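Asks: Build me a model from this:
(2 chains)
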Protein chains: 2
Amino acid sequence: MEGHKSIIEFVNSPYQIETIYHIPRFDSKVLKLSQKINLCEISVTDLEKVSSLKTPQDVVAQIKIPAWGALGHNELKGKFSLVLDGIQDPGNMGTIIRIADWFGIEQIICSEDTVDVYNPKVVQASMGSLARVKVYYTGLSAFLPLVKLPVFGALLNGNNIYNTDFGNEGLVLLGNEGNGIRLETEKLITSAVTIPRAGKAESLNVAIATALFCSEISRKALK
Amino acid sequence: MEGHKSIIEFVNSPYQIETIYHIPRFDSKVLKLSQKINLCEISVTDLEKVSSLKTPQDVVAQIKIPAWGALGHNELKGKFSLVLDGIQDPGNMGTIIRIADWFGIEQIICSEDTVDVYNPKVVQASMGSLARVKVYYTGLSAFLPLVKLPVFGALLNGNNIYNTDFGNEGLVLLGNEGNGIRLETEKLITSAVTIPRAGKAESLNVAIATALFCSEISRKALK
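Replies: A predicted model of the protein is given here:
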């Protein structure tokens, strides 16, 4: 994780920070550390070597990749979670995590071939929201039937999203950037939902579609 | 403009295509040209020179930058338009154009320091939607008072967007990625509007915020 703003989010999260590396001019007070975390001063040259950014920030943290507990019906009932089927673009993935965090969605379940959430570009685009949103990978066609919740799928020929009653719980399923939701996953949708179009654009970006779904499922509660 | 899908959008638009350059293996029939447009065969090496893409497509079009007529109250009344105050990221700008096109918004008015809409990254990210959405540049603090329409500004301390009655016409104002709407423009807002937050993300990306505003202003009509 790079940059003090994002690292602060992870300090106060279920993640375990192994070491924080910083250059001499960095003042570690800005991290507001209350627990004991290894701090290690390194040279600017070394920081540039470990950073994945063109313009590295002054501090990077080595964070342990967590093993979240198993996820099932009990963990998902009574709320909404996102399900991603084959999202490939790291920028989209990071933006989706940030959107989930904005709308208070705490779980994202991904197909095995979805882009790795620990890809540095995803971590960067999520802007610290990854500290609060748990991302799981699993085979969707085996997993979805185990969860006895409505599956709202973003499709082109579904019901108008503005007339859809989402109720109080469920899964919101979004598909790959070019190909959408794959057929075997589509079969598990219980309610096909469409964002109607007033103009002529061929499609909406998947992160934009995710935001519109999150807005609609949260609308009643946020009013 | 690069790639046949986007070029097709511009062939059937108010834009004037000067020449279409393509490599030998490209079949110009896919462009479905009905009017007379200069076609010019070039080598793969030459195409790579003019392309701004890492992996160039087989065809590029040279399109005249248009001078849209003057924009005033009469052109904006009875509908919604977007106003952008200092958007800098080309990807965000292109995505906003695509969102506008999805929701049938035909005009975007930008502050002079907003990223150039003819920046190749903007053109690429707009995915052909630029053919249908007119983008204007002007000094907002002089322009906005001339338009006698409500100005809905995306601010952090405004009215809940889900309880806002947008009526049937107006301008939706969004600000710079880091700094938001600048003070002199903010003074011209007639209705401050906020997207409420259920979770903890510090902010929403400006293209995401634009999509949520477009969705809310179109909601009644799209139901």
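Asks: now the lengthiest helix in chain A against helix B:206-222, angle please.
Replies: Counting residues, the longest helix found in chain A (DSSP state H) is helix A:206-222. Counting by axes from the mean of the first three to the mean of the last three C-alpha atoms, to 10 degrees, helix A:206-222 lies at 60 degrees to helix B:206-222.
Asks: Any idea how far helix A:206-222 is from the middle of the chain?
Replies: Offset of helix A:206-222 from its chain centre (C-alpha atoms, centre = their mean, to the nearest Å): 14 Å.
Asks: which other helices and strands contact it?
Replies: Packing contacts for helix A:206-222, counted by 3 or more C-beta pairs under 8 Å, 6 or more residues apart in numbering or on different chains; DSSP states H and E, involve strand A:80-85, helix A:90-102, strand A:151-160, strand A:170-175, helix B:206-222. For every residue, glycine as well, the C-beta is placed using N, CA and C.
Asks: switch to 7 Å and redo it
Replies: Applying 3 or more C-beta pairs under 7 Å, 6 or more residues apart in numbering or on different chains; DSSP states H and E, one finds that helix A:206-222 contacts helix A:90-102, strand A:170-175, helix B:206-222.
Asks: so which of these comes closest to B:P145?
Replies: The closest of these to B:P145 is helix B:206-222. By C-beta to C-beta, the value is 21.6 Å.
Asks: Could you report the pLDDT at the spatially most central residue of chain A?
Replies: Nearest residue to the geometric centre of chain A (C-alpha atoms, centre = their mean): A:I97, 2.5 Å. Here the pLDDT value assigned to A:I97 is 98.
Asks: give the contact list for the residue nearest to A:G94 when sequence neighbours are not counted.
Replies: Leaving aside its chain neighbours, A:G94 sits nearest to A:A125 (2.3 Å; criterion: C-beta to C-beta, 6 or more residues apart in numbering or on different chains). Taking C-beta atoms under 7 Å, 6 or more residues apart in numbering or on different chains as the criterion, A:A125 is in contact with A:90-91, A:94-95.
Asks: can you do 8 Å?
Replies: Contacts of A:A125 were listed using C-beta atoms under 8 Å, 6 or more residues apart in numbering or on different chains, and they are A:90-91, A:93-95, A:97-98.
Asks: Quick one, grab the pLDDT at it.
Replies: Here, the pLDDT recorded for A:A125 equals 92.
Asks: Looking at the helices and strands packed on helix A:206-222, which one is packed in the most?
Replies: The highest average neighbour count among the helices and strands packed on helix A:206-222, using mean count of other C-beta atoms under 10 Å in any protein chain shown, belongs to helix A:90-102 at a mean of 25.
Asks: and it, what does it pack onto?
Replies: Short answer (3+ C-beta pairs under 8 Å, 6+ apart): helix A:90-102 packs on strand A:80-85, strand A:107-111, helix A:120-125, helix A:206-222.
Asks: again, only this time at 6 Å
Replies: Packing partners of helix A:90-102 (3 or more C-beta pairs under 6 Å, 6 or more residues apart in numbering or on different chains; DSSP states H and E): helix A:120-125, helix A:206-222.
Asks: mean pLDDT for these: which is lowest?
Replies: The minimum mean pLDDT among these belongs to helix A:120-125 (a mean of 92).
Asks: list the buried ones in that one?
Replies: By 16 or more other C-beta atoms under 10 Å in any protein chain shown, the buried positions in helix A:120-125 come out as A:121-125.
Asks: Let's have the residues you listed in a markdown table, adding distance to B:H22.
Replies: Below are those laid out as a markdown table (distance: C-beta to C-beta, whole Å):
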| residue | distance to B:H22 |
| --- | --- |
| A:K121 | 33 |
| A:V122 | 36 |
| A:V123 | 40 |
| A:Q124 | 37 |
| A:A125 | 35 |
